[in-house]
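K.L.:
sequence unknown, structure follows:
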């Protein structure tokens, strides 16, 4: 079986691609790998015949290199036909609920609960209800102000989705956040559909409630399975990416599950992690080159 080891170095990496390649003794022992440049000086594929068991021999050394993101996977079928992505701290740079809490003076309290929930230390649904309750009475005007002033797309987000869509992929944004934001973010990036939680609203204020059922870890996995069946795709044709514990089920179910600047439990569950780079690393992992990128 042909195996692809993708190396992506970032500006803060102390080693060049060439030095990193020279140091991967386990790969060299299999023979001379085929080298494919994906981005000059930044990203490369090393294709060789072997087994994924080689991960045990290389991951310690590669994980110790600051500024290096890498992915080991079968070379065949790397370009995925569907992407499922988390929104907060994955497709955008902030947690929307924390920013909303700032408008009502409880950001510190809400952010602490968010962090614990994303680390898997709290039940997600209970933590979401607790945080939303703290937003009771917040004017709906704050939703628009939050989106306009605080929401920034993650670097590479639009390029990732637009490039995959240009190559026939279907894009799904599925979030434990709120539909008010996912609808706008999905449109800005180019997702085909979005799914998230619905905030309770009466008049011009939040009620402090969130509509049932809660969109959490189970819903993310259900969405993956539902859309895979709808589009006739196998799990190994799907990429899933997220940063929190509620993303783990869909990350584990996807053919390529990626932890993006993620919490420890999520990194442990994922086949690959992006710790230093932006979302274009997910394109390099699939074998795309800079020349293939579509910014839209």
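P.N.:
Yes, it's here. Values in this document were obtained by computation on a predicted structure and should not be read as measured data.

K.L.:
which helices and strands does the helix or strand of the chain at the bottom of the mean pLDDT ranking pack with?
P.N.:
Every helix and strand in the chain was compared by mean pLDDT, DSSP states H and E; the lowest is helix 25-28, with a mean of 74. If you count contacts as 3 or more Cβ pairs under 8 Å, 6 or more residues apart in numbering; DSSP states H and E, helix 25-28 packs onto helix 55-63. Quick note: C-beta positions are derived from backbone N, CA and C, even for glycine.

K.L.:
sorry, back to before: got the buried residues for the least confident helix or strand of the chain?
P.N.:
Residues of helix 25-28 classed as buried: residue 27 (neighbour count, 16 or more other Cβ atoms under 10 Å).

K.L.:
stretch 250-259 too?
P.N.:
Neighbour-count burial for stretch 250-259 [16+ other Cβ under 10 Å]: 250-251, 253-259.

K.L.:
ditto for stretch 34-43
P.N.:
For stretch 34-43, by 16+ other Cβ under 10 Å, it's 38-39, 42-43.

K.L.:
residues in contact with that stretch?
P.N.:
Contact partners of stretch 34-43, identified using Cβ atoms under 8 Å, 6 or more residues apart in numbering, comprise 6-10, 16-17, 21, 44-48, 281, 284, 287-290.

K.L.:
and the helices in this protein?
P.N.:
Assigned helices in the chain, in chain order: 17-23, 25-28, 55-63, 96-102, 107-118, 124-133, 141-150, 157-166, 179-189, 217-231, 248-253, 264-269, 281-285 (criterion: DSSP state H).

K.L.:
need these in a markdown table (columns: distance to residue 237).
P.N.:
Output for these, formatted as a markdown table (distance: least, Cβ to Cβ, whole Å):
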| stretch | distance to residue 237 |
| --- | --- |
| helix 17-23 | 29 |
| helix 25-28 | 27 |
| helix 55-63 | 22 |
| helix 96-102 | 30 |
| helix 107-118 | 28 |
| helix 124-133 | 27 |
| helix 141-150 | 33 |
| helix 157-166 | 12 |
| helix 179-189 | 21 |
| helix 217-231 | 8 |
| helix 248-253 | 12 |
| helix 264-269 | 20 |
| helix 281-285 | 15 |
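
K.L.:
which stretch in those helices has the least confidence?
P.N.:
Lowest mean pLDDT of the helices of the chain: helix 25-28, a mean of 74.

K.L.:
related to what we said a few turns ago, could you flag which of the contacts of stretch 34-43 are buried?
P.N.:
Applying 16+ other Cβ under 10 Å to the contacts of stretch 34-43 flags 6-10, 17, 21, 44-46, 48, 281, 284, 287-288 as buried.

K.L.:
by pLDDT, give me the weakest of those.
P.N.:
Ranking the buried ones among the contacts of stretch 34-43 by pLDDT, residue 21 lands last with 85.

K.L.:
picking up where we left off before, point out the most buried one among the helices of the chain.
P.N.:
Per residue and on average, the most neighbours among the helices of the chain fall to helix 281-285, with a mean of 26 (mean count of other Cβ atoms under 10 Å).

K.L.:
check the offset of stretch 236-253 from the chain's centre.
P.N.:
With Cα atoms, centre = their mean, to the nearest Å as the basis, stretch 236-253 stands 8 Å off its chain's centre.

K.L.:
what is the end-to-end distance of that stretch?
P.N.:
End-to-end distance of stretch 236-253 (Cα to Cα, to the nearest Å): 9 Å.

K.L.:
and stretch 112-127, by the same measure?
P.N.:
Stretch 112-127 has an end-to-end distance of 10 Å (Cα to Cα).

K.L.:
for it, the distance to its chain's centre please.
P.N.:
18 Å.

K.L.:
and for stretch 56-69?
P.N.:
On Cα atoms, centre = their mean, the centre of stretch 56-69 falls 20 Å from that of its chain.

K.L.:
the closest residue to residue 54 other than its chain neighbours and residue 143, how far apart?
P.N.:
Using Cβ to Cβ, 6 or more residues apart in numbering and skipping residues adjacent in sequence, the residue nearest residue 54 is residue 26, 5.5 Å away. Counting by Cβ to Cβ, to the nearest Å, the gap from residue 26 to residue 143 is 51 Å.

K.L.:
likewise for residue 275?
P.N.:
The gap separating residue 275 from residue 143 is 32 Å, by Cβ to Cβ.

K.L.:
show me the domain layout of this structure.
P.N.:
1-76, 80-296 (automatic domain parsing).

K.L.:
end-to-end on the shortest one?
P.N.:
What it means is domain 1-76. With Cα to Cα, one end of domain 1-76 sits 9 Å from the other.

K.L.:
OK, contacts around residue 155?
P.N.:
278-280.

K.L.:
equivalent analysis for residue 215, please.
P.N.:
174-176, 195-197.
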